[in-house]
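>>> below is the structure, and that's it, no one-letter string:
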């Protein structure tokens, strides 16, 4: 894929080694988003993406004394609008008010979608707008969704600031997650694409090449679509085969990029029942591709729904395996921003996420 790009002044050779401690960025504002239910498995069930997820990860970070924890800095709307369309951002800001006027104070969910043969025209009524800007019925908008999503973007951007300031690694403890959110679509519990927003901010700060390694169980359709026609961002995703797994319509191996981005998108799709040995082989292959690309910075979409007991996954990774995951990512020898994505086995989410970070530190 060519020789590495010229590094910006703030990125010296000495900064290509992970720091001893991974700093964590976290905000309690995520509690303001708390969906009560989602449509899944043919019925309404309690939402799996809940505040406890981030709380448990933070608790484990503090328990093992992984490193310092700090709050995010505010970055304004401009960084978000570099990735998401103005109409979509305006919708997220106004959707709850529109919904409550029309429907009441229960969770806002879409009604129908503009699929094959339908006109792609934004409706005026909130029912239609919810459908137009979404692709599933599992991603509710609540009273605090916009505040939580905007703050999650600030968490990721603060992590990018730390990398730009010379840190070898940082962990953006984001909630809600982001990698399913496209330029103008929400879904998969995601509203703003935290990893993409942080990556774009680093590109604009002078990073010539950046790689995103997505280890969430589900394909990051939003991240892929945002960077699909670009050659300055390599996207590598390890995920459940879309012939079996959500989001079903994206993430196939033949999706390798478009236009100037041809060859800069790598999908490593694996079937249900994949164990750690086969999964680690895929990660090693992905890391070789990243090394050949020669990025200045790596962003990791850190999902642990690959865990063997996760209710949203069908892979068989166990808690000790995540140490090896972190060690393998450390082998890239690049400043690395970790951004939290999925993981829904509450009893294990803290140890699994922190093991990746601890493995990275040890690696």
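All right, it came through fine. Just so you know, these numbers come straight off a predicted model, no measurement behind them.
>>> just checking, residue 299 touches residue 209?
No - the pair residue 299 / residue 209 is not scored as a contact, 11.9 Å apart, by C-beta atoms under 8 Å. C-beta here means a position set from N, CA and C on the backbone, and glycine is covered the same way.
>>> when the two are compared, which one has more neighbours?
Just comparing residue 299 and residue 209: by other C-beta atoms under 10 Å the higher neighbour count belongs to residue 299, 30 against 22.
>>> hang on, the more buried one in a strand?
Yes - assessed by DSSP: H, G, I helix; E, B strand; the rest coil, residue 299 belongs to a strand.
>>> any idea of the pLDDT on it?
Listed pLDDT for residue 299 reads 98.
>>> so who does it touch?
For residue 299, the contacting residues are 195, 198, 199, 202, 210, 211, 212, 213, 336, 337, 339, by C-beta atoms under 8 Å, 6 or more residues apart in numbering.
>>> same question for residue 95.
With C-beta under 8 Å, 6+ apart, residue 95 has these contacts: 108, 126, 129, 130, 141, 145, 146.
>>> buried subset of those residues?
For the contacts of residue 95, a neighbour count by 16 or more other C-beta atoms under 10 Å gives the buried set as 108, 126, 129, 130, 141, 145, 146.
>>> closest to residue 353 among those?
Among the buried ones among the contacts of residue 95, residue 145 lies closest to residue 353 (C-beta to C-beta), at 22.8 Å.
>>> so what's the residue count around the closest residue in space to that closest one that isn't next to it in sequence?
Take residue 145 and drop its neighbours on the chain: the residue closest to it by C-beta to C-beta, 6 or more residues apart in numbering is residue 33, 4.8 Å away. If you count neighbours by other C-beta under 10 Å, residue 33 ends up with 26.
>>> quick one: residues contacting residue 33.
51, 142, 144, 145, 147, 148, 149, 175, 176.
>>> secondary structure for those residues - can I get that in CSV?
Below are the contacts of residue 33 laid out as CSV (three-state DSSP):
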residue, secondary structure
51, coil
142, coil
144, coil
145, helix
147, helix
148, helix
149, helix
175, coil
176, coil
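>>> between the residues you listed, which is nearest residue 307?
Nearest to residue 307 among these, counting by C-beta to C-beta, is residue 175 at 17.5 Å.
>>> wait, that closest one sits on residue 30?
Yes - judged on C-beta under 8 Å, residue 175 makes contact with residue 30 at a distance of 4.0 Å.
>>> shared neighbours, these two?
Counting by C-beta under 8 Å, 6+ apart, the residues touching both residue 175 and residue 30 are 51, 54, 148, 152.
>>> let's see if you can find the most crowded of these.
If you count neighbours using other C-beta under 10 Å, the busiest of the shared contacts of residue 175 and residue 30 is residue 152, which has 31 neighbours.
>>> nearest residue to that one in space, ignoring adjacent ones along the chain?
Closest to residue 152 by C-beta to C-beta, 6+ apart is residue 174, at 4.2 Å.
>>> list the residues that contact the one you found.
30, 54, 152, 155, 156, 194, 339, 340, 341.
>>> quick one: pLDDT of it?
At residue 174, pLDDT is 98.
>>> ok, it to residue 158 distance?
Distance of residue 174 to residue 158, computed by C-beta to C-beta, to the nearest Å: 10 Å.
>>> just residue 232 next, same as before
Using C-beta to C-beta, we find residue 232 at a distance of 22 Å from residue 158.
>>> okay, these two: which has more neighbours?
residue 158 (22 against 16).
>>> for that one, give its distance to residue 151.
10 Å.
>>> what do you get for residue 209?
Taken as C-beta to C-beta, the span from residue 209 to residue 151 is 29 Å.
>>> would you map the strands across the stretch 251-363 of the chain?
Ranges of strands in the stretch 251-363 of the chain, per DSSP state E, counting those that start in this stretch, are 265-270, 297-302, 336-340.
>>> ok, the stretch 1-150 of the chain next?
Going by DSSP E, counting those that start in this stretch, the stretch 1-150 of the chain shows strands at 23-25, 37-40, 43-46, 69-70.
>>> those: which one's closest to residue 100?
Nearest to residue 100, of the strands of the stretch 1-150 of the chain and by C-beta to C-beta, is strand 37-40 at 16.9 Å.
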